[in-house]
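Trainee: Let me see the structure of the following:
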Amino acid sequence: MSDIILKDGGTGQELLARSAMPPHPLWSCKVMMEEPEIVQSVHADYIRAGARLITLNTYSVTPERLTREGEPDMFFPLQQRALDLAHAACEEVGVEGVKLAACLPPLHGSYRPDMSKSHADLLPLYQEVANAQADGCDLVIAETLSSVSEITAAAQAGVETGLPTWVFMTLTDDDSGTLRSGEPLSEALSALEGTGIAGVGINCCKPEVISANITTVLATGMSSGAYANGFIGIDALEIGGTVDGLKARKDLTPEAHADLAMQWVAQGLHFIGGCCEIGPSHIAELAQRLAAAGHTIVGE
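Mentor: Residues are numbered from 1 along each chain as shown. Alright, predicted model coming up:
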């Protein structure tokens, strides 16, 4: 049996479900500003569920988003708050072996490859985000990336920190094997060859899309992973809008999600978890399945 990195599930949607505030364009970042105790409780619940890799709640803490919403001076304070809350959750639960992942998200908004700049333009922006988190983390996750320029810039910024860096990209909701930019998955994977990343995978798309494209990722020979979302489907999100219009699937129960994830592990993936609408109960079921199958759950 294998060592399997089991990350947490989706933090942002879980925070909104617990928050007393209405959805805001700054999304999970706004909850961290106003109700930080909820962020710590979500991290702690994922650890209790069996996750051994916790992602910082910094998906929406980018200079571009904060400037757009009139909070540019909050970048560094919120990066530090995210680190403090994640460490506090680890101390609260007291389980050994929990690791923390820095988060390199799309800088302007989810599923907006039309706003992506060139690699050269994006690189210093990603370096700023990566450097703000690296000292308090064990590895880097570049996630939900939807264009080749985003992918290569985030990968380089992560690798430059000296931390193991995993790069995850999001695909269209059909089975065409394309990034949301329309660029082929195969092109993105080729662009990552020789970059020094620790692993590569797919995230924040339907699990059925992940299942249809796993063999392409595995064919690279790199360590591979995947974590799906639980949405009915997502188009490009409006810049400055909120996520309250997204609809969760009712059929992706913890058991159904674990069935799919265990199939991915059987195919050779070594990094799994959950994205949006995949909550602590999903991770708990997945942790139980992994243990029952004889796998060792690790954080890196």
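
Trainee: you'd agree Thr195 is in a strand?
Mentor: No. Assigned with DSSP: H, G, I helix; E, B strand; the rest coil, Thr195 falls outside any strand and is coil.

Trainee: Which strand or helix spans the nearest residue to it once chain neighbours are set aside?
Mentor: Distances taken as Cβ to Cβ, 6 or more residues apart in numbering put Ala155 closest to Thr195, at 5.1 Å, once the chain neighbours are dropped. C-beta: built from backbone N, CA, C; applies to glycine. Using DSSP states H and E, Ala155 falls within helix 148-160.

Trainee: Distance from that helix to the middle of the chain?
Mentor: 15 Å (Cα atoms, centre = their mean, to the nearest Å).

Trainee: I'd like the mean pLDDT over that helix, please.
Mentor: Across helix 148-160, pLDDT averages out at 98.

Trainee: quick one: contacts of it?
Mentor: Residues outside helix 148-160 that contact it (Cβ atoms under 8 Å, 6 or more residues apart in numbering) are 102, 104, 106-107, 113, 116-119, 122-123, 125-127, 129-130, 140, 142, 145, 165, 167, 169, 179, 181, 183, 187-188, 191-192, 195-197.

Trainee: Now restrict those to buried residues only.
Mentor: 102, 104, 106-107, 113, 116, 119, 122-123, 125-127, 129-130, 140, 142, 145, 165, 167, 169, 179, 181, 183, 188, 191-192, 195, 197 (16 or more other Cβ atoms under 10 Å).

Trainee: Low-confidence stretches in the stretch 151-300 of the chain?
Mentor: 233-246 (pLDDT under 70).

Trainee: at 80 instead, please
Mentor: Applying pLDDT under 80 to the stretch 151-300 of the chain flags the ranges 175, 231-248.

Trainee: show me where it has helices.
Mentor: 185-191, 207-218, 254-267, 280-292 (DSSP state H, counting those that start in this stretch).

Trainee: Name the nearest residue to Tyr59, ignoring sequence neighbours.
Mentor: Tyr59 sits nearest to Pro105 (Cβ to Cβ, 6+ apart), 4.6 Å away.

Trainee: tell me the contacts of that neighbour?
Mentor: Residues near Pro105 by Cβ under 8 Å, 6+ apart: 58-60, 62, 143-144.

Trainee: roughly how far apart are it and Glu255?
Mentor: The gap separating Pro105 from Glu255 is 29 Å, by Cβ to Cβ, to the nearest Å.

Trainee: How about Val93?
Mentor: Distance from Val93 to Glu255, counting by Cβ to Cβ: 25 Å.

Trainee: can you check Glu187 too?
Mentor: 36 Å.

Trainee: do Ala188 as well
Mentor: Distance, Ala188 to Glu255, using Cβ to Cβ: 32 Å.

Trainee: Check Pro77 too.
Mentor: 41 Å.

Trainee: do Gly221 as well
Mentor: 32 Å.

Trainee: from the chain's centre, how far out does the lengthiest helix in the chain sit?
Mentor: Selection of the longest helix in the chain by residue count, based on DSSP state H, yields helix 75-93. Computed by Cα atoms, centre = their mean, the chain-centroid distance of helix 75-93 equals 17 Å.
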